[in-house]
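In: A predicted structure for the sequence below; I have some questions about it.
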Amino acid sequence: MSDFRIGLFYGSTTCFTEIAAEKIRDFIGVDIVELHNIKDTPLVAAEDYDILIFGLSTWDFGEIQEDWESRWSEIADLNLHGKTIALFGMGDQVGYSEWFQDALGMLHDAIADTDPKGTIRRIGFWPNQGYDFIASKALINDDSMFVGLALDEDSQYEFSDDRISHWCTQILEEIADAG
């Protein structure tokens, strides 16, 4: 299993996204996952990996976390062709129910915009069951799935570790299925 490396790129203002990134790394393996805080690492470093995980949080009324916002224009210039990409996001479904995980959906769309020929393999879609929110830009498949793992440290902290564990198992299986 350690014959591949995963680049995990995240932005974190309050440390919750960083903590989730560390938990993902620890679950998958510190010998496999290399963490990169995008505050300190340009996104072009993602081109060095075949498998990527991107993590960010939604702020206030559907806004992108500040470190991601400062690097947002870099996404369009990334060469992500042939990469396998999974996403995870942090949000507050109670306090910001109309914008839950919007930044996750915006990141998914920004990556899709770099891939007009469909060469990026997206994995890690996550069911929206067990959440209670009004709207989200991160929904696909008739609004039944999030484009990545949805975490809520404000309202559902008690589910985060289990969700991370199941999601990591899921993406490892999806990576293995790709051969």
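Out: Structure's in. What do you need?
In: and the helices in this protein, which stretches?
Out: Secondary structure of the chain (DSSP state H): helices at 16-28, 66-75, 102-113, 157-178.
In: what does stretch 129-144 contact?
Out: By Cβ atoms under 8 Å, 6 or more residues apart in numbering, the list of residues contacting stretch 129-144 from outside reads 62, 89, 91, 93-94, 97-102, 104-106, 108-109, 125, 127-128, 145-148, 150, 152, 156, 159. For glycine as for every other residue, the C-beta is placed from the backbone atoms N, C-alpha and C.
In: what about burial for these, which qualify?
Out: Using 16 or more other Cβ atoms under 10 Å as the burial test, the contacts of stretch 129-144 include 62, 89, 91, 93, 97, 99-102, 104-106, 108, 125, 128, 145-148, 150, 152, 156 as buried.
In: please narrow those to those residing in strands.
Out: Judged by DSSP state E, the buried ones among the contacts of stretch 129-144 include 89, 145-146, 150 as members of strands.
In: in a markdown table, list the helices of the chain along with mean pLDDT.
Out: Formatted as a markdown table, the helices of the chain follow (pLDDT from 0 to 100):
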| stretch | mean pLDDT |
| --- | --- |
| helix 16-28 | 97 |
| helix 66-75 | 96 |
| helix 102-113 | 97 |
| helix 157-178 | 96 |
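In: looking at those, which is buried most?
Out: helix 102-113 (a mean of 21; mean count of other Cβ atoms under 10 Å).
In: other SSEs contacting that one?
Out: Packing partners of helix 102-113 (3 or more Cβ pairs under 8 Å, 6 or more residues apart in numbering; DSSP states H and E): strand 51-59, strand 63-64, helix 66-75, strand 84-90.
In: can you show me the CA trace of the third one as PDB?
Out: What follows is helix 66-75 as a C-alpha-only set of coordinates in PDB (Å, rounded to 0.1, in the frame of the first residue of the first chain):
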ATOM      1  CA  GLU A  66      -9.100  32.800   3.600                       C
ATOM      2  CA  ASP A  67      -6.000  30.700   2.700                       C
ATOM      3  CA  TRP A  68      -7.900  29.100  -0.100                       C
ATOM      4  CA  GLU A  69      -9.300  32.400  -1.200                       C
ATOM      5  CA  SER A  70      -5.800  33.900  -1.400                       C
ATOM      6  CA  ARG A  71      -4.700  31.000  -3.700                       C
ATOM      7  CA  TRP A  72      -8.000  30.600  -5.600                       C
ATOM      8  CA  SER A  73      -6.700  31.900  -8.900                       C
ATOM      9  CA  GLU A  74      -3.900  29.300  -8.800                       C
ATOM     10  CA  ILE A  75      -6.500  26.500  -9.300                       C
END
